[in-house]
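**Q** Here is a sequence with its predicted model. Questions after.
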Amino acid sequence: MKYYVYILKSFNHDWHYVGMSSNVTKRFNAHNNKKVHSTKHFAPFKLILVESFPDRTTARRREKYYKTGFGKKVWMKKVSEQKNKS
């Protein structure tokens, strides 16, 4: 089963959330519908990055990395490069 690491950006706050799920669409909707305890006060969100992985272990490793200081710099650079391409 594929797993995904995703990053959300709050529309109303200067706040990002890094998460992992096997169904990004369902999880994204849960975040925006304020059904996730850790994010409900920051909704609504836009999805700014999604990466797929072959298994949960690999996805979890990336999620934890993105939550570190250096990992945040890496994903912020990816998001910035995506913006510049479009």
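**A** Okay, I see it. Numbers count the residues shown, from 1 in each chain.
**Q** show me where this protein has strands.
**A** 3-10, 16-21, 45-53 (DSSP state E).
**Q** and these, which is most packed in?
**A** strand 3-10 (a mean of 21; mean count of other C-beta atoms under 10 Å). Where you see a C-beta, it was placed from the backbone N, CA and C, and this is true even at glycine.
**Q** quick one: contacts of that one?
**A** 15-22, 24, 27-28, 31, 39, 42-56, 58-60, 62-63, 66, 75, 79 (C-beta atoms under 8 Å, 6 or more residues apart in numbering).
**Q** Would you give the sheet partners of it, along with the direction of each?
**A** strand 16-21 (antiparallel), strand 45-53 (antiparallel) (DSSP bridges).
**Q** So what's the gap between it and the chain middle?
**A** Distance of strand 3-10 from the chain centroid (C-alpha atoms, centre = their mean, to the nearest Å) equals 1 Å.
**Q** picking that back up, would you format the strands of the chain as CSV with mean pLDDT and distance to Lys35 included?
**A** Below are the strands of the chain laid out as CSV (pLDDT from 0 to 100; distance: least, C-beta to C-beta, whole Å):
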stretch, mean pLDDT, distance to Lys35
strand 3-10, 98, 14
strand 16-21, 98, 13
strand 45-53, 97, 12
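**Q** Of these, which is nearest Phe70?
**A** For Phe70, the closest of the strands of the chain is strand 16-21, at 13.3 Å, according to C-beta to C-beta.
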